[in-house]
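>>> quick one: sequence and predicted model below, then my questions.
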2 protein chains.
Amino acid sequence: MNTASSIRLKNDLLLKALKKEKVDRPPVWMMRQAGRYLPGYVRLRKKYDFFTRVKTPELATEITLQPVEEVGVDAAIIFSDILVIPLAMGLDVTLEEGKGPFLPKTIKTQRDVEDLNTDNVEQHLDYVLKALTLTKKELNERIPLIGFAGAPWTIFCYMVEGQGSKTWEKAKQFAYTQPGLAQSLLQKITKITTSYLKSQIRAGADVVQLFDSWAGALSPEDFKILAQPYLIEIAEALREEAPVILFPKGCWYALPELSRGPAQGIGIDWSISPRLARELTGNAITLQGNFDPSKLLAPIPEIKKWVWQMIDGFGKQSYIANLGHGIMPNVPVDHARAFVDAVKEYQDTK
Amino acid sequence: MNTASSIRLKNDLLLKALKKEKVDRPPVWMMRQAGRYLPGYVRLRKKYDFFTRVKTPELATEITLQPVEEVGVDAAIIFSDILVIPLAMGLDVTLEEGKGPFLPKTIKTQRDVEDLNTDNVEQHLDYVLKALTLTKKELNERIPLIGFAGAPWTIFCYMVEGQGSKTWEKAKQFAYTQPGLAQSLLQKITKITTSYLKSQIRAGADVVQLFDSWAGALSPEDFKILAQPYLIEIAEALREEAPVILFPKGCWYALPELSRGPAQGIGIDWSISPRLARELTGNAITLQGNFDPSKLLAPIPEIKKWVWQMIDGFGKQSYIANLGHGIMPNVPVDHARAFVDAVKEYQDTK
């Protein structure tokens, strides 16, 4: 573990929670906290397109730090995108504002899979690593810095479909009709993602999170074949380097097994109650989540009440307060702040 | 119960399964079976727009019967749309092919809610009732006929948002900021939906299903406030009239409570294993589902194997084989037929 740096942190609540050490209150951060609901971000978005923001370390750092100053979160997460991995593997990715990502060339054949690059990730994604190093410096050990990547199944989805989907039926069809080739592709993504996350840790990430945003489209038995092995393989490979949080959205059924694996934390969404999530994991692992992001549109007193009830449900140890998915662009900044403040002011409501 | 007609049915497997009577094999039908994957439907779609198809009893009947002839399902479900209820309540609904529904006027204020009609549903939706009566006649007691409606929460979502949404954040914001008004609106929808389903049963429906397609966007605690009471109220009101199947998609957490309620069946999606669904319902209720519709894109031998495994998991009693969501437009007809045939040829694989 990267303890040399972490012990110097002024606020190390996140690291303590991931080590299951006792804390006075849970740490709090929000998925997509560096982004669209913040006026400072919206200003930058008008000047620079998405990949310019992602590929310019100074801009990525500025965006990463905004919620630290404006909302007071206990961890920064580097501003980047999960689709930098397909880019590094040699696929084009475009992103039109408000329209979602688009990959003009998708993966269909064995030749397509063979052609994908898995080497020299430090070179291909040096902009992310530079942004991490610069952010780490700017943070000046105030709070931990989180790095991240998309989980292999989720990256596979985009590589096969070329864009977002309600059903991910092309990705599944690929997996059902060419299971061996699907496995090769997932393994290649796993390989480069593992190197990438190791590089992120060397560049300054104190913790890394794997976003399996589309794992919930899979049945429990398909999850065990197409998603879980790769999540576990990556967490296992990083075991000695930094704590890993797995976020297989929608996969409440995987909690018992994942909680006994190599990761230090599991992120959950709001489709399961905090108490049941604790029951299913037997308090064996730190849990992160699971406030419905739409609830940030409720009146502030309701937000505070629901945050406290959420913490009552999880308990304040081995717990990281967060949303159950990314914050939405239309959330007022003072509502986001109310969420963070409610965690900081938590009092047992039972 | 509508037993006078049901005992005359040549194939009453669906009704037997819903009464938990012993069957030689489970009944099978598919959500959205009357529709876009069938060449006969595609031909009609070129000639008549969506609401012409829905509002012309002869066309709705023809479409309803297509999968009975072409795929061999054990039940027909009337071709219609859940958004006929907002229409009957006085809201405009348009549907552009491939773009999803659109309601130009959405519900925002108390006045909007007060203005909504809940009366004379037989008059407003006579086209559905006529289609049911005509279909019942054409079916000539071969198999049961299923009527349906959207569940109140799902209809609420469309009335507030005006169109489909990934997050249903406006609908939730309405419920969080105006909880009393949300309750009034849900009650009005419940009232007209109850009348509507009673009329459907009088017109010829042997069974009715309530589609709560967007209930899975809610947390378990919100489901208990915004969805569950209305599902139970409607099922309770129909208890003496016909069997009711509730389909709150994504709400595996509600299975224990719903299984002890007034409905005869619960539909489930593929986010929960058949065995766990049985465990959570303690075999107290008939379950319906839960084949991932994307699996119909797999090779036919795989489809057969997975269908048999699914039935192994549910057991063949008190069970209705179905998909976990609607069939997709790109499923080859022979794959749909393979699904149905696999159920009919089921053999224990254990």
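Sure, I can see it.
>>> can you dump the C-alpha atoms of stretch A:212-224 in PDB for me?
Extracted as PDB, the C-alpha positions of stretch A:212-224 are listed here (Å, rounded to 0.1, in the frame of the first residue of the first chain):
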ATOM      1  CA  ASP A 212     -18.800  -1.200 -14.000                       C
ATOM      2  CA  SER A 213     -21.600   1.100 -15.100                       C
ATOM      3  CA  TRP A 214     -23.300  -1.500 -17.300                       C
ATOM      4  CA  ALA A 215     -22.800  -4.600 -15.300                       C
ATOM      5  CA  GLY A 216     -26.400  -4.300 -14.100                       C
ATOM      6  CA  ALA A 217     -27.600  -5.100 -17.600                       C
ATOM      7  CA  LEU A 218     -26.400  -8.700 -17.000                       C
ATOM      8  CA  SER A 219     -28.200 -11.500 -15.300                       C
ATOM      9  CA  PRO A 220     -26.400 -12.800 -12.200                       C
ATOM     10  CA  GLU A 221     -25.100 -15.800 -14.100                       C
ATOM     11  CA  ASP A 222     -23.800 -13.700 -17.000                       C
ATOM     12  CA  PHE A 223     -22.200 -11.300 -14.500                       C
ATOM     13  CA  LYS A 224     -20.200 -14.200 -13.100                       C
END
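>>> which residues are contacting it?
With contacts defined as C-beta atoms under 8 Å, 6 or more residues apart in numbering or on different chains, stretch A:212-224 is touched by A:82, A:150-151, A:153-154, A:157, A:167-168, A:171-172, A:175, A:226-227, A:231, A:246-251, A:253-254, A:269, B:270-273, B:276, B:292. Backbone N, C-alpha and C define where each C-beta goes, glycine included.
>>> what do you get if the cut-off is 6 Å, keeping everything else the same?
With contact meaning C-beta atoms under 6 Å, 6 or more residues apart in numbering or on different chains, stretch A:212-224 is reached by A:151, A:153-154, A:157, A:168, A:227, A:248-251, A:253-254, B:270, B:273, B:292.
>>> repeat that for stretch A:187-195.
Contacts to stretch A:187-195, defined as C-beta under 6 Å, 6+ apart, come from residues A:L116, A:T118, A:V121, A:A149, A:P152, A:I155, A:Y230, A:E233, A:I234, A:A237.
>>> in that stretch, what counts as buried?
Going by neighbour count (16 or more other C-beta atoms under 10 Å in any protein chain shown), the buried part of stretch A:187-195 is A:K188, A:I189, A:T190, A:K191, A:I192, A:T193, A:T194, A:S195.
>>> run a quick neighbour tally on whichever residue of the stretch 1-150 of chain A sits closest to chain B.
Using C-beta to the nearest C-beta, the single residue of the stretch 1-150 of chain A nearest to chain B is A:G100, 10.4 Å away. Neighbour count for A:G100, taken as other C-beta atoms under 10 Å in any protein chain shown: 10.
>>> ditto for the one 4 residues further on
Residues near A:P104, counting by other C-beta under 10 Å, number 10.
>>> chain neighbours aside, what residue packs nearest to it?
Of all residues not flanking A:P104 in the chain, A:D92 sits nearest, at 5.4 Å (C-beta to C-beta, 6 or more residues apart in numbering or on different chains).
>>> same check, this time on A:K10
Closest to A:K10 by C-beta to C-beta, 6+ apart is A:R142, at 5.3 Å.
>>> distance across stretch A:281-293, terminal residue to terminal residue?
End-to-end distance of stretch A:281-293 (C-alpha to C-alpha, to the nearest Å): 23 Å.
>>> which positions in it come out as buried?
Neighbour-count burial for stretch A:281-293 flags A:T281, A:A284, A:I285, A:T286, A:L287, A:Q288, A:G289, A:N290, A:F291, A:D292, A:P293 (criterion: 16+ other C-beta under 10 Å).
>>> give me the contact list for the helix or strand that contains A:I85.
Element membership for A:I85, per DSSP states H and E: helix A:84-88. If you take C-beta under 6 Å, 6+ apart as the criterion, helix A:84-88 is touched by A:V93, A:V121, A:H124, A:L125, A:I155, A:M159.
>>> just give the closest residue to the residue of the stretch 1-150 of chain A closest to chain B, not the sequence neighbours.
Leaving aside its sequence neighbours, A:G100 sits nearest to A:G164 (C-beta to C-beta, 6+ apart; 4.7 Å).
>>> cool, A:A342 as well?
In this structure, A:A342 finds its nearest non-sequential neighbour in A:V307, 3.7 Å apart by C-beta to C-beta, 6+ apart.
>>> what's the neighbour count on the one you found?
Using other C-beta under 10 Å, A:V307 has 22 other residues around it.
>>> all strands for the stretch 51-200 of chain A, in order.
Counting by DSSP state E, counting those that start in this stretch, the stretch 51-200 of chain A has these strands, from start to end: A:76-77, A:94-96, A:100-102, A:145-150.
>>> what does chain A have sitting close to chain B?
Applying C-beta under 6 Å from any C-beta of the partner chain, we find that chain A lies next to chain B at A:167, A:169, A:172-173, A:176, A:219-220, A:270, A:273, A:292, A:294, A:297-298.
>>> in a markdown table: the strands of the stretch 51-200 of chain A, plus mean pLDDT and distance to A:K108.
Formatted as a markdown table, the strands of the stretch 51-200 of chain A follow (pLDDT from 0 to 100; distance: least, C-beta to C-beta, whole Å):
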| stretch | mean pLDDT | distance to A:K108 |
| --- | --- | --- |
| strand A:76-77 | 98 | 33 |
| strand A:94-96 | 87 | 19 |
| strand A:100-102 | 94 | 16 |
| strand A:145-150 | 98 | 20 |
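>>> so which of those strands gets nearest B:V68?
Nearest to B:V68 among the strands of the stretch 51-200 of chain A is strand A:100-102; the distance by C-beta to C-beta comes to 39.1 Å.
>>> residues in contact with that closest one?
With C-beta under 6 Å, 6+ apart as the contact definition, strand A:100-102 has outside contacts at A:L83, A:V93, A:T94, A:L95, A:Q163, A:G164.
>>> chain center to that strand, what's the gap?
18 Å (C-alpha atoms, centre = their mean, to the nearest Å).
>>> please save the CA atoms from stretch A:152-159 in CSV.
In CSV, the C-alpha atoms belonging to stretch A:152-159 read as follows (Å, rounded to 0.1, in the frame of the first residue of the first chain):
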residue,chain,number,x,y,z
PRO,A,152,-13.7,-4.4,-18.6
TRP,A,153,-17.3,-5.4,-19.2
THR,A,154,-18.4,-1.7,-19.4
ILE,A,155,-15.5,-0.9,-21.8
PHE,A,156,-16.4,-4.0,-23.8
CYS,A,157,-19.9,-2.7,-24.1
TYR,A,158,-18.8,0.6,-25.7
MET,A,159,-16.2,-1.1,-27.9
